[in-house]
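S.K.: Model the following, please.
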Amino acid sequence: MIANPKWVRAVKGNKDDAKDSKWIGEPFCFGLVKSRFTPSKEIRILREFTRYRCKLVNMRSSEKNRFPNGFTVCDIAMDSVVSDRFGKSARQITDYLLADKDPTLLHRSIKKKAVAAVTSIEGFQLTEEQKFRMLQIRQHMECLDAAIQTIDGKLDQMTTPYAAAIRLLCTIPGMKRESAITILSEIGTDMAQFDSSKRL
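M.R.: Here you go, the predicted model:
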């Protein structure tokens, strides 16, 4: 039986492994230890994927924060001009700064800020080492994007039997499909395993 440590924790004081084993065994013999919630194997495998996806998303967020910070320390103030540091125009400016590529026409509303865009990068100082680091960060982000997309495709296959439950969860205001799959992977579909909504 897998039990919650909260219900089998011994009283603090003089204790060792043998005393802990005896303490846990006695309430178990009297039926005082409740079994911890353990989802089915299919749900546990699904949970491994959703938690791994969460790790990848967190890593991508860290890199997306690290990328503009690398420009800030080099006196490049693109944030005052572009709202999306990873949009088309921002990427073209970034390519110009990091890879010395010829910038093409700016896109959409950024065209009206062409002078401000030039001013924001005027006098920039990027060493070859800094350029190398920024390119590595961007390459890592692209790899993470591809990995997350691959995981999403696999999750779509794995959650086919739970389509009805996912649709039901998505009726909650503000609930996205990714969040619905995550909830499903944590609690499963059998609510009879929970004695009450509080325990759930």
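
S.K.: Where do the helices of this structure begin and end?
M.R.: 5-8, 17-29, 41-72, 88-99, 114-121, 128-158, 163-169, 177-187 (DSSP state H).

S.K.: Let me know the average pLDDT across the second one.
M.R.: Along helix 17-29, the predicted confidence averages to a pLDDT of 84.

S.K.: packing partners for that helix?
M.R.: helix 5-8 (3 or more Cβ pairs under 8 Å, 6 or more residues apart in numbering; DSSP states H and E). For the C-beta atoms, the positions are set from N, CA and C on the backbone; glycine is no exception.

S.K.: Can you give the distance from the helix it packs on to the centre of its chain?
M.R.: 30 Å (Cα atoms, centre = their mean, to the nearest Å).

S.K.: List the buried residues of that helix.
M.R.: Val8 (16 or more other Cβ atoms under 10 Å).

S.K.: any idea of the mean pLDDT for that helix?
M.R.: Here the average pLDDT along helix 5-8 is 76.

S.K.: Can I get that helix in CSV, CA atoms only?
M.R.: Output of helix 5-8 as CSV, limited to C-alpha atoms (Å, rounded to 0.1, in the frame of the first residue of the first chain):
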residue,chain,number,x,y,z
PRO,A,5,3.3,10.3,5.0
LYS,A,6,1.0,12.7,6.8
TRP,A,7,-0.9,9.8,8.2
VAL,A,8,2.0,7.6,9.2
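
S.K.: Who are the packing partners of it?
M.R.: In terms of contacts (3+ Cβ pairs under 8 Å, 6+ apart), helix 5-8 is packed against helix 17-29.

S.K.: can you pull the contacts of the residue nearest to Phe28 when sequence neighbours are not counted?
M.R.: Spatial nearest neighbour of Phe28, excluding adjacent residues (Cβ to Cβ, 6 or more residues apart in numbering): Met1 at 7.3 Å. Residues in contact with Met1, defined by Cβ atoms under 8 Å, 6 or more residues apart in numbering, are 28, 33, 35-36.

S.K.: isn't Arg53 right up against Gly153?
M.R.: No. The criterion here is Cβ atoms under 8 Å, and Arg53 misses it with Gly153 at 11.3 Å.

S.K.: quick one on the thing from earlier: I'd like to know how far the residue nearest to Phe28 sits from Ser40.
M.R.: Separation of Met1 from Ser40 (Cβ to Cβ, to the nearest Å) stands at 17 Å.

S.K.: do Phe132 as well
M.R.: 48 Å.

S.K.: what's the answer for Arg167, then?
M.R.: Arg167 is 20 Å from Ser40, by Cβ to Cβ.
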